[in-house]
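Enquirer: okay, here's the prediction I keep looking at, along with the sequence it came from:
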Amino acid sequence: MTIPSPCRKVCTFDDAGEWCTACGRTLDEIARWAILAPGERKAIMAQLPARLDRVSGERPGP
């Protein structure tokens, strides 16, 4: 089973430098994505919505 990358080609990290604000992955996850097992990718994908919610909550609104 192939799990495609969630990359949006807009690599920008949150203020803490922890997660990409576009896809929600860490720099290490981005770097290793091509060699991760499907189960590892699936586990990361499951965490992304919560990460992105947290990152979007850190930014001031309009």
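Expert: That came in fine, so what should we check first?
Enquirer: list the contacts of the longest helix anywhere in the chain.
Expert: As assigned by DSSP state H, the longest helix anywhere in the chain is helix 38-58. Contacts with helix 38-58, where a contact means Cβ atoms under 8 Å, 6 or more residues apart in numbering, come from 1-3, 6, 14-15, 19, 21, 23-25, 29, 33, 36. C-beta here means a position set from N, CA and C on the backbone, and glycine is covered the same way.
Enquirer: hmm, which two among these are most spread apart?
Expert: Across those, no pair lies farther apart than 1 and 15, at 34.9 Å, counting by Cβ to Cβ.
Enquirer: residue 42 and residue 36, how far apart?
Expert: Counting by Cβ to Cβ, to the nearest Å, the gap from residue 42 to residue 36 is 9 Å.
Enquirer: er, residue 14 I mean
Expert: Distance, residue 14 to residue 36, by Cβ to Cβ: 22 Å.
Enquirer: between these two, tell me which one has more neighbours.
Expert: residue 14 (17 against 14; other Cβ atoms under 10 Å).
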